[in-house]
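In: sequence and predicted model, in that order:
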Amino acid sequence: MDNMDGTDYDLNKYMTLMFFLERLLEKRGQPRSLHDLSCQFGSKGFTKTMRQIAGGSQSGLRKFLGQYPFLFTVDGDLVSISNMSLVDKYHQKNNTRNYEQEAAEYFRKRVEQYGPGVEVPIKSLLGHRSQAPPEVRHISGQHLKEFRDFLSRHPSVFIVYEETCMLREYEGMEKKLYQEPVNETKVNPELSNKFLVYFRLTLEQSGPKHIDELFHSVASSYPRETWSPLFKNSQDLGTFLRMHSNIFQILSNIVELLPNPTKLVNTQNVSTQNRIVSPTPALTNSASPPCSLQFYQSMPPPNSLPISMPSQQTLKQRVNSIVLRTLAENTDRERGGSLPVSSFPSAPSSPVRDLNRIRISELSHVIVSVKDSASVISEFISCGRPVAFDCEVVNHSSKGNVTIVQIAASNGHFYIFDLITCPDIMHQGLLAKLFESDIIKVCHDCKSDNAALVTGWNVQMRNVFDTQAAHAVLQLQDLGKPVHKVKSTSLSALCEALNIPANPYKDQAKALYRRDTRFWARRPLTRDMILYAVHDVLPLPSIYEALDKQMKPEYRPLFAELVEENMKALIDPEEVKSRKKQRRLEFEILELKQKLATTQAKSLVLSNREIRLLRHLELTEEEKIKLEGSYKVAKKIRKTSKQKQRKGRQGRRRQR
């Protein structure tokens, strides 16, 4: 800006003023926050010079707009137009389209799709904003509060409640609360296969395509009633294609075929893959290696697995053999140069990692029936060895819904209990009995999992080994760091500290969950979903062995308290808060006692917090003399005592 002459500076200044004036006029004079306006610095047409003139930051923008009170009124964090006549003139000039009415009509149609008289959650309705035109997104607001205010501005269209809304035209009808279906509708496998072939041929002929292009292509080629059971828009189509990650790869909404994709087979057989449980290996009390990547070294290569003749096998065993053989063939092709088959595209790949994925797949069993669940759990209980578990929950809160429970057993196998497909697994399948038994159950940060099990399934867990609580105790034991000062550590960070391989799909799965909060309620379970779930419990047995060996007996009672508090954190937060406060007080009093015993009177310095803690101590004569010998401490004590006396006199006067 130093090389800019006066004319150029004035021109850029006027352009900057007009830019922010137009942003406010587009909102029909409604105030906008400084944060919202400062986010416009990166907009198209807003040059680097204009950003320098505007201050370059939120505080700089406040100073810049405050210099022109005849145009802008800055009230706290809100900015509005000083002269409202400008708003009328602007909209008279641009009266060709009424974006406010367009936005109201857009969301009216979305509410109408839920059915007559249905109260739609405002959060769910806000989710449709991402599919709206830019003008509608701008008018309706980005956050929940702004969106609720937008709906309230149209009382003739919407009836807005605290968390829900409905159409005014349905007023007086019997109200119905919208309930999102948990169980997915069954998909016709022949229909799915038909469209998979169509998309594959389209991509082979014309190369990679945008997801919207594919959707418009199929919508123009087939009647709506044929493809609507599978997908209704381009977003649904993306989910459908991601479920077949062995054929398609989607990056930035661009769909392409994987090199040498797996041949299409009868999707009915594929869908049954996740419903098959291999014969459960015997669980014995004999010593077995920890459930970690060390298991892979002892596993035979996939091609060396013995496969008996079909005539000697049951139907279940024949299908399992076909699945294992297909996985082995895929591994050979991937080693030959093809891309890894994964719906988490940014996960690193190597021949060793691909082999590990195959071996984990062979060790994994999806439980979808009460009979299989009861058989597996009975062996767990009779064995009596610790198990590691984790839950995948929709809506991580005290009211979350547990969709699957994955368990790492002592025999090195992994079991995924699908509670969406078969909810009776929890009680009739004895899964609840396992949680309530005395068998050690290893997990990491059991807050949300326990709350979801208690509120959703009425299951009270016992004998839990929380690795996050164990980490906090060891910080106190080895480093002397109080547990209330230890920050919560993630499972990945704990694995890194103990030099144990962490879940390589964690970040990718989190990104998918943020885009689709019902990701773990989707069925059928894909191979990548199973791999992620298994990797979440894979390191837990090794972590348990490492932490359990390090913990000394005198710290076990504290560990039990921390685990109990973690389990109650979302169920009874006030009690947990009170217990943590009391523990912190006791620890600070202990530290203060040690300080008084080891510090000389002249060098004794106490903080205001420590002086307030003195009232909890029964001081000896020696300690009182030591406190009086420190001028600064004695001065603070006298000041504090005077304040207490003054408050006491004021209290007695009020009583009179």
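Out: Yes, it's here. Numbers count the residues shown, from 1 in each chain.
In: and Asp10, how many neighbours?
Out: 11 (other CB atoms under 10 Å). No exception for glycine: its C-beta is placed from N, CA and C like everyone else's.
In: kindly report the same for the one 4 residues further on.
Out: Counted with other CB under 10 Å, the neighbours of Tyr14 add up to 11.
In: repeat that for Gln249.
Out: 22.
In: what's across from it in the sheet?
Out: Counting by DSSP bridges, Gln249 is bridged to Glu256.
In: next one: it from Ile500, what distance?
Out: Distance, Gln249 to Ile500, using CB to CB, to the nearest Å: 30 Å.
In: what about Ala560, which helix or strand?
Out: helix 556-568 (DSSP states H and E).
In: what's that helix packed up against?
Out: helix 447-457, strand 464-466, helix 467-479, helix 573-598 (3 or more CB pairs under 8 Å, 6 or more residues apart in numbering; DSSP states H and E).
In: so which of the ones you listed gets nearest Thr526?
Out: Closest to Thr526 of the helices and strands packed on helix 556-568 is helix 447-457 (CB to CB; 22.3 Å).
In: can you mark which positions in that closest one are buried?
Out: The neighbour-count check on helix 447-457 (16 or more other CB atoms under 10 Å) flags Lys447, Ser448, Asp449, Asn450, Ala451, Ala452, Leu453, Val454, Thr455, Gly456, Trp457 as buried.
In: can these go into JSON lines with extra columns for distance to Leu531 and pLDDT?
Out: What follows is those, written out as JSON lines (distance: CB to CB, whole Å; pLDDT from 0 to 100):
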{"residue": "Lys447", "distance to Leu531": "25", "pLDDT": "91"}
{"residue": "Ser448", "distance to Leu531": "22", "pLDDT": "89"}
{"residue": "Asp449", "distance to Leu531": "20", "pLDDT": "90"}
{"residue": "Asn450", "distance to Leu531": "25", "pLDDT": "91"}
{"residue": "Ala451", "distance to Leu531": "26", "pLDDT": "90"}
{"residue": "Ala452", "distance to Leu531": "23", "pLDDT": "90"}
{"residue": "Leu453", "distance to Leu531": "24", "pLDDT": "92"}
{"residue": "Val454", "distance to Leu531": "29", "pLDDT": "91"}
{"residue": "Thr455", "distance to Leu531": "29", "pLDDT": "89"}
{"residue": "Gly456", "distance to Leu531": "25", "pLDDT": "88"}
{"residue": "Trp457", "distance to Leu531": "26", "pLDDT": "92"}
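In: ok, those vs His138, which is closest?
Out: Taking CB to CB as the measure, Ser448 is the one of those closest to His138, at 35.3 Å.
In: thinking the closest one is in contact with Val393, fair?
Out: Yes: using CB atoms under 8 Å, Ser448 makes contact with Val393 at a distance of 5.9 Å.
In: for the record, mean pLDDT for stretch 15-27?
Out: Stretch 15-27 comes out with an average pLDDT of 81.
In: in it, what's buried?
Out: Residues Thr16, Leu17, Phe19, Phe20, Leu21, Arg23, Leu24, Leu25, Glu26, Lys27 are the ones in stretch 15-27 that count as buried (16+ other CB under 10 Å).
In: next step: those residues restricted to helices.
Out: For these, membership in helices holds for Thr16, Leu17, Phe19, Phe20, Leu21, Arg23, Leu24, Leu25, Glu26, with DSSP state H as the criterion.
In: closest to Asn83 among the residues you listed?
Out: Relative to Asn83, and with distances defined as CB to CB, the nearest of these is Leu21, at 10.1 Å.
In: hang on, the closest one packs against Ser80?
Out: No: judged on CB under 8 Å, Leu21 makes no contact with Ser80 at a distance of 11.3 Å.
In: any stretches of the stretch 551-656 of the chain with poor pLDDT?
Out: Applying pLDDT under 70 to the stretch 551-656 of the chain picks out residues 601-603, 629-632, 644, 656.
In: one step back: closest one to Phe215 among the helices and strands packed on helix 556-568?
Out: With CB to CB, the closest approach to Phe215 among these belongs to helix 447-457: 35.2 Å.
In: elements contacting the closest one?
Out: Judged by 3+ CB pairs under 8 Å, 6+ apart, the packing partners of helix 447-457 are strand 387-394, strand 401-408, helix 556-568.
In: and if we set it to 10 Å?
Out: Applying 3 or more CB pairs under 10 Å, 6 or more residues apart in numbering; DSSP states H and E, we find helix 447-457 packed against strand 387-394, strand 401-408, helix 431-435, strand 464-466, helix 556-568.
In: got a list of contacts for the third one?
Out: This points to helix 431-435. Contacting residues not belonging to helix 431-435 are listed as 367, 370, 373-374, 376-378, 380-381, 387, 389, 405, 407, 415, 417, 419, 424-427, 441, 449-450, 453, 457-464 [CB atoms under 10 Å, 6 or more residues apart in numbering].
In: can you select the buried ones from these in PyMOL?
Out: Buried subset of those, written as a PyMOL selection, criterion 16+ other CB under 10 Å:
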select buried, resi 367+370+373+374+376+377+380+381+387+389+405+407+415+417+419+425+426+441+449+450+453+457+459+461+464
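In: looks to me like Ser156 is in a helix.
Out: No: going by DSSP: H, G, I helix; E, B strand; the rest coil, the assignment for Ser156 is coil, not a helix.
In: what is the neighbour count of the nearest residue to it once chain neighbours are set aside?
Out: Residue nearest to Ser156 in three dimensions, not counting chain neighbours: Arg168, with 6.0 Å by CB to CB, 6 or more residues apart in numbering. Neighbour count of Arg168, defined by other CB under 10 Å: 13.
In: could you do Thr226 as well?
Out: The burial count for Thr226: 13, using other CB under 10 Å.
In: ok, now the one 3 residues further on?
Out: Other residues near Pro229 number 13, with proximity taken as other CB under 10 Å.
In: which secondary structure state is assigned to it?
Out: coil.
In: ok, it to Phe519 distance?
Out: From Pro229 to Phe519 the distance is 21 Å (CB to CB).
In: thinking again about what came up before, redo the helices and strands packed on helix 556-568 as TSV? Include distance to Gln643.
Out: Shown next, in TSV, are the helices and strands packed on helix 556-568 (distance: least, CB to CB, whole Å):
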stretch	distance to Gln643
helix 447-457	40
strand 464-466	43
helix 467-479	35
helix 573-598	20
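In: nearest to Leu604, out of these?
Out: helix 573-598 (7.7 Å).
In: quick check: buried residues in that closest one?
Out: For helix 573-598, burial by neighbour count (16+ other CB under 10 Å) applies to Val576, Arg579, Lys580, Arg583, Glu588, Leu592, Leu596.
In: next secondary structure element downstream of it?
Out: helix 608-613.
In: tell me what the helix or strand where Lys109 lies is packed against?
Out: Taking DSSP H and E as the criterion, Lys109 maps to helix 99-112. Helix 99-112 sits against strand 118-121, helix 122-126, helix 134-140, helix 144-152, strand 158-160, strand 164-167, with contacts defined as 3+ CB pairs under 10 Å, 6+ apart.
In: pull up the pairing partners for the shortest one, direction included.
Out: In this case it means strand 158-160. Partners of strand 158-160 in its sheet, by DSSP bridges: strand 164-167 (antiparallel).
In: quick check: mean pLDDT across the strand it pairs with?
Out: Rounded mean pLDDT across strand 164-167 is 90.
In: residue contacts, the residue nearest to Ser156?
Out: Arg108, His154, Pro155, Ser156, Val157, Phe158, Ile159.
In: now that we have these, which of them are buried?
Out: Buried among these by 16+ other CB under 10 Å: His154, Val157, Phe158, Ile159.
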